[in-house]
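J.: Here's a sequence, model it:
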Amino acid sequence: MEDEKCEYCTGNDSKRKTVMANARGDYYVVINRCNYLEDSEVGDAKVKFSLIGEKIKFCPMCGREL
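T.: Next up, the predicted model:
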């Protein structure tokens, strides 16, 4: 049996599925290649809703250790 690849935590950053998104889809959170939860906004004092990424140890979707 082959190991299944999780669409949320494996592959390059641009092909990973979003973990969550707003209704319009213009704001979302993904797991980046460094295993941080990363939002779609670039951090800046002018951006109202930008988040600071949080390093995670397990994928919240498949449970795999990262």
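
J.: Return the set of buried residues in stretch 53-64.
T.: Within stretch 53-64, the residues that count as buried by 16 or more other Cβ atoms under 10 Å are C59. Where C-beta positions appear, they are placed from N, C-alpha and C, glycine not excepted.

J.: Which residues does it contact?
T.: Counting by Cβ atoms under 8 Å, 6 or more residues apart in numbering, stretch 53-64 makes contact with 6, 8-9, 19, 31-32, 34-39, 65-66, all of which sit outside it.

J.: Alpha carbons of that stretch, as CSV, please.
T.: This file holds the C-alpha atoms of stretch 53-64, laid out as CSV (Å, rounded to 0.1, in the frame of the first residue of the first chain):
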residue,chain,number,x,y,z
GLY,A,53,2.3,32.5,11.7
GLU,A,54,2.4,29.8,14.3
LYS,A,55,4.7,26.7,13.9
ILE,A,56,2.7,23.5,14.2
LYS,A,57,3.9,20.0,15.0
PHE,A,58,1.1,18.0,13.4
CYS,A,59,-1.1,18.6,10.4
PRO,A,60,-4.6,19.5,11.6
MET,A,61,-6.2,17.8,8.6
CYS,A,62,-4.4,14.4,8.5
GLY,A,63,-2.7,14.2,11.9
ARG,A,64,0.8,13.5,10.4
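
J.: Let me see the mean pLDDT of it.
T.: Taken as a whole, stretch 53-64 has a mean pLDDT of 92.
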